[in-house]
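Chemist: Task: produce atomic coordinates for the following.
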Amino acid sequence: MQTHQVAESNEEKGRLLCKTFFPNIEREEVNQVDDSYPIPKFAFTPLTDDQIYRVINRLGLYKAPGLDGIPNAMLIQCTDLIIPYLRPLYQVIFKLGVYPNSWKGSMMVILKKPGKSNYSQPNAHKLVILINTIGKVLSACIVEDLTSMVKEHGLLPSNHFRCRPGRTTMDSLHYVAKIIKDAWRRKEVVSTLFLEGTPSQVW
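Modeler: Just a heads-up that it's a prediction; the model follows:
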């Protein structure tokens, strides 16, 4: 007989959501001290004013701030004033190899997913991570550099999707649909293998 327990207090709800979002997973101890790394494919280039300006202007104007309390709107409205200070700050981080501890903190907020019929279920909620605003701009600049170098040097397969421009989930669906329709035009049968909800192989 299956029983159900209703979480009524905030403490009970917190424990239930924590168990849902952060299940206990056994991980093997990974020691990278003795690992040998290949020769770098490209050299690091310092960030430029134009790059920081471009990243700031892509920020959502009314997104919630992180622990530092600095809203994106402040960066966007004061870009010309703060970039001359941000660029030297970012460059010295790489020069000294030191990342501010205050930038490492983050806040996880649990929000209800829109359109769900039953919000008493844990899977009707989602996690939103709020990080330091100044550190977020630096991270976005590095992501932009890595994305560009990955494409330029062909470091990922052409059919690798997610976290790349033109490689979104919708692009992957179009890619799979094209493979299937091309096979149908050749009068072939198509079989799909799904692993963890992701189409991993189509033939």
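
Chemist: you'd agree residue 94 is up against residue 46?
Modeler: Yes. Counting by Cβ atoms under 8 Å, residue 46 is a contact partner of residue 94 at 7.2 Å. For every residue, glycine as well, the C-beta is placed using N, CA and C.

Chemist: Can you tell me how far the residue nearest the centre of the chain is from residue 146?
Modeler: The residue lying closest to the centre of the chain (Cα atoms, centre = their mean) is residue 163, at 7.2 Å. Plainly put, residue 163 is 10 Å away from residue 146 if you go by Cβ to Cβ, to the nearest Å.

Chemist: got it, and residue 139?
Modeler: 10 Å.

Chemist: Residue 94 and residue 46: who's more crowded?
Modeler: Taking neighbours as other Cβ atoms under 10 Å, residue 94 and residue 46 compare with residue 94 leading, 14 against 10.

Chemist: got the contact list for the helix or strand in which that one is found?
Modeler: In this assignment (DSSP states H and E), residue 94 forms part of helix 79-96. Helix 79-96 is contacted from outside by 44, 46-49, 52-53, 56-57, 75, 99-100, 134, 137-138, 141, using Cβ atoms under 8 Å, 6 or more residues apart in numbering.

Chemist: run the last query once more with 10 Å
Modeler: Outside of helix 79-96, the residues within contact range by Cβ atoms under 10 Å, 6 or more residues apart in numbering are 44, 46-53, 56-57, 74-75, 98-100, 103, 134-135, 137-138, 141-142.

Chemist: In helices, which of those appear?
Modeler: Among the contacts of helix 79-96, the members found in helices (DSSP state H) are 49-53, 56, 74-75, 134-135, 137-138, 141-142.

Chemist: In TSV: those, plus distance to residue 152 and pLDDT.
Modeler: Formatted as TSV, the ones in helices among the contacts of helix 79-96 follow (distance: Cβ to Cβ, whole Å; pLDDT from 0 to 100):
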residue	distance to residue 152	pLDDT
49	22	93
50	18	93
51	16	93
52	21	94
53	22	94
56	24	93
74	34	90
75	28	90
134	28	90
135	26	90
137	23	92
138	21	93
141	17	93
142	16	92
